[in-house]
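> Pasting a predicted model and its sequence here:
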Amino acid sequence: MALAKRIIPCLDIDGGRVVKGVQFVDIRDAGDPVEIARRYDREGADELTFLDITASHEERETLVAVVEAVAAEVFIPLTVGGGIRTVDDVRRMLNAGADKVAINTAAIHDPALVANAAERYGSQCIVVAIDAKRVESPGSDIRWEVFTHGGRRPTGIDALAWAEQMAAAGAGELLVTSMDRDGTRQGFDNALNKAISARAGVPLVASGGVGNLQDLVDGVIQGHADAVLAASIFHFGEYTVAEAKAFMASAGIEVRQ
Amino acid sequence: MRVAVIDYGMGNLRSVAKALEHVGATAVAITDDPAVIDAADRVVFPGQGAVRDCMSALHQHELIEVLARAMATRPFLGVCMGMQALMTRSEENAGVEALGHFAGTVRHFSHLTGGHSALKIPHMGWNRVRQCAPHPLWDGVDDEARFYFVHSYYVVPEAQEIVLADCEYGERFAAVIGQNNVFATQFHPEKSQQAGLKLLGNFLSWDGTACN
């Protein structure tokens, strides 16, 4: 197996700046997106993800200018999400220099959006972002439900079935965020990722909960993730991407070095 | 030196243009104008999406002949769909006739990954590219260097000697094909950081003669 597992720093964008929320509340400012993108590129990031975290619930446009500025200087794949509602939004982000566009809430309101966008631009650039939370139901198996609006609003949709449906509709990748783990630093929800990975058949990016480098290893080995996404452990200088890769390599995971 | 990046409405062309500028191209035109393409010293043929849309867009923009002229005369770089479209036909979209510059077909990865159900489609990420033949575009690019791929279909050329590099995903498939002044990559050099930028820089200084 020669395909490398990817490490993806995530830049949550608000007002043109990179921020990281703890469970999407309590936001701290971690700087300028172009500067940070350049730093991660130098450190060996395999890809970068930009999420406009306020876009979905404040109905704001995502930051085309940020994407254009980064894409002019950083030559690794860029994924952009947050507030993508129409095929035209997808087109605008691709034209700005995004390689992939992540669709989250809008896919739930308009399930045809993913199919239409994939039909027009190809599955390779359509990512469906799934925010999932464990649902307690005594006496039965674990299940996960899709949430929207930063984990505040339940949809009643089963996350595994949704993942399968979105892959069938044309999503080329799934960005799966555990809303139970996001911001907790307790590691990915590997049971969730493994279950989706087995069911959907498209690459899976694990997100939500990374507190240390072992969490990245566990995400790949236990969660069967194809890529691991993290924000705060990188933004605040706890670890570099290069350190993360060296750690994963020493655990026997194939990475690009 | 004038570089034309062919614009037929298929995806992210800005990145290709920016990457070419980053490695020293001073006059990069993103264009569907046959006169501009004919006047360019080098032609880049990118593309993503589905092959049926790609071919119909090429017909709509009346680019078939200008592409053939470029492939006959000047350093020509196909990228991703711009590689697949060079083949005789693709099995995508229930079968589509393509440009036919190279004899061969484009097949879905399920043929390769059939015995490896754990392999996901699309093939997405950084994979090792094994150079199969010497070529000026490999100058300074390590054998087995990683490049960024994202595709669900792969090229099966009839003539093995046009395979300039391969890659393994389930089985080995053609990652680069080329002959004379044409060089075409399944991966995205414009998204492959140092290795990709090196290859693009080599393309800018290439005179269009190959070793094979």
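Perfect, I can see it now.
> drop to CA atoms for contacts and neighbour counts, all remaining ones
Will do.
> just the helices in chain B please.
B:14-22, B:34-39, B:51-60, B:64-73, B:81-84, B:110-113, B:193-205 (DSSP state H).
> how far away is B:Ala98 from chain A?
B:Ala98 is 17 Å from chain A, where distance means Cα to the nearest Cα, to the nearest Å.
> before we move on, what about B:Arg2?
From B:Arg2 across to chain A, the span is 19 Å (Cα to the nearest Cα).
> cool, B:Arg42 as well?
21 Å.
> correct me, but that residue touches B:Pro75?
Yes: between B:Arg42 and B:Pro75 there is a contact under Cα atoms under 8 Å: 5.2 Å.
> Of these two, which one has the most company?
Using other Cα atoms under 10 Å in any protein chain shown as the criterion, B:Arg42 and B:Pro75 rank with B:Arg42 on top: 27 against 24.
> how about the more buried one, what does it touch?
When contacts are counted by Cα atoms under 8 Å, 6 or more residues apart in numbering or on different chains, B:Arg42 touches B:1-4, B:74-76, B:204.
> Put together a markdown table for the residues you listed, with distance to A:Ala129 and pLDDT on each row.
What follows is those, written out as a markdown table (distance: Cα to Cα, whole Å; pLDDT from 0 to 100):
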| residue | distance to A:Ala129 | pLDDT |
| --- | --- | --- |
| B:Met1 | 43 | 87 |
| B:Arg2 | 40 | 95 |
| B:Val3 | 37 | 97 |
| B:Ala4 | 36 | 97 |
| B:Arg74 | 43 | 96 |
| B:Pro75 | 40 | 98 |
| B:Phe76 | 37 | 98 |
| B:Leu204 | 38 | 97 |
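> quick revisit: mind putting the helices of chain B into TSV with mean neighbour count and distance to chain A?
TSV is the format used below for these (neighbours: other Cα atoms under 10 Å in any protein chain shown; distance: least, Cα to the nearest Cα, whole Å):
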stretch	mean neighbour count	distance to chain A
helix B:14-22	22	6
helix B:34-39	16	21
helix B:51-60	18	8
helix B:64-73	16	21
helix B:81-84	26	11
helix B:110-113	16	11
helix B:193-205	20	5
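> will you turn the ones you listed into TSV that also has distance to A:Ile13?
TSV is the format used below for these (distance: least, Cα to Cα, whole Å):
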stretch	distance to A:Ile13
helix B:14-22	21
helix B:34-39	39
helix B:51-60	34
helix B:64-73	41
helix B:81-84	32
helix B:110-113	37
helix B:193-205	23
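> Of those helices, which shows the lowest average pLDDT?
Lowest mean pLDDT within the helices of chain B: helix B:110-113, a mean of 72.
> isn't A:Val135 right up against A:Trp144?
Yes: taking contacts as Cα under 8 Å, A:Val135 lies within contact range of A:Trp144: 5.5 Å.
> ok, now which ones touch the nearest residue to B:Val23 once chain neighbours are set aside?
Distances taken as Cα to Cα, 6 or more residues apart in numbering or on different chains put B:Gly201 closest to B:Val23, at 5.4 Å, once the chain neighbours are dropped. Each residue near B:Gly201 by Cα under 8 Å, 6+ apart is listed here: B:20, B:23-24.
> which one is the residue in chain B that chain A sits nearest to nearest to, not counting chain neighbours?
Using Cα to the nearest Cα, B:Gly49 is the residue of chain B that sits closest to chain A, at 3.9 Å. What sits nearest to B:Gly49 in space, not counting adjacent residues and going by Cα to Cα, 6+ apart, is A:Gly122, at 3.9 Å.
> Looking at strand pairing, list the partners for the residue nearest to the spatial centre of chain B.
Among the residues of chain B, the one closest to the centroid is B:Val79, at 2.5 Å (Cα atoms, centre = their mean). Per DSSP bridges, the residues bridged to B:Val79 are B:Thr185.
> Just the terminal-to-terminal distance for stretch A:107-126.
One end of stretch A:107-126 to the other measures 11 Å (Cα to Cα, to the nearest Å).
> Any buried residues in it, and which?
Residues A:107-108, A:113-115, A:117-126 are the ones in stretch A:107-126 that count as buried (16 or more other Cα atoms under 10 Å in any protein chain shown).
> Filter those residues down to the ones in helices?
Under the assignment DSSP H, the buried residues of stretch A:107-126 contribute A:107-108, A:113-115, A:117-121 to helices.
> Distance to chain B and pLDDT added to those residues, as TSV?
Formatted as TSV, those follow (distance: Cα to the nearest Cα, whole Å; pLDDT from 0 to 100):
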residue	distance to chain B	pLDDT
A:Ala107	20	93
A:Ile108	23	94
A:Leu113	16	97
A:Val114	14	97
A:Ala115	13	96
A:Ala117	10	94
A:Ala118	8	92
A:Glu119	8	88
A:Arg120	7	86
A:Tyr121	5	87
